[in-house]
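*Asks:* Pasting a predicted model and its sequence here:
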Amino acid sequence: MITVLRPDHDQAASPLLLARRPVALPGATVGILSNGKANTRPFFDHLEALLRRDWHVAEVVRRTKANYSAPAERALIDEAARWAVMFAGVGD
């Protein structure tokens, strides 16, 4: 006998509401959330330089999760809600 497990927890899932997209980035605060692995640093260093030089963002906030394999902490999620845009990445 083979048991197939569904990856969702609810048979009647509600629609996902997407975050509002900013119209422009000049003057915006942009967050970068790393999983903490070493290879995220050079990638995000380059991304930050592009955001400042080409997109004229006002501020780039960089944060790192406490555990690379776990969801972001509630405090990080709450802080990210105040950013216009957030980039998240892994460094494998």
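*Replies:* Yes, it's here.

*Asks:* So what touches the worst-scoring helix or strand of the chain on mean pLDDT?
*Replies:* In the chain, no helix or strand scores lower on mean pLDDT, DSSP states H and E than strand 85-89, which sits at a mean of 92. Contact with strand 85-89 is made by 22, 25, 28, 30-35, 40, 43-44, 47, 80, as judged by Cβ atoms under 8 Å, 6 or more residues apart in numbering. Any C-beta I mention is one placed from the backbone N, CA and C, and that applies to glycine too.

*Asks:* ok, residue 91 touching residue 33?
*Replies:* No: with contacts counted by Cβ atoms under 8 Å, residue 91 stays clear of residue 33, the gap being 11.8 Å.

*Asks:* before we move on, the earlier item: between the contacts of strand 85-89, which is closest to residue 4?
*Replies:* Closest approach between those and residue 4, by Cβ to Cβ: residue 35, at 30.0 Å.

*Asks:* still on that earlier bit, so for residue 91 and residue 33, which sits in the more crowded spot?
*Replies:* residue 33 (22 against 15; other Cβ atoms under 10 Å).

*Asks:* That one contacts residue 66, correct?
*Replies:* No: Residue 33 lies out of contact with residue 66 (Cβ under 8 Å); the separation is 11.6 Å.

*Asks:* Which strands or helices does the one helix or strand residue 42 maps to pack on?
*Replies:* Element membership for residue 42 (DSSP states H and E) is helix 40-53. Packing contacts for helix 40-53, counted by 3 or more Cβ pairs under 8 Å, 6 or more residues apart in numbering; DSSP states H and E, involve strand 29-34, strand 59-64, strand 85-89.
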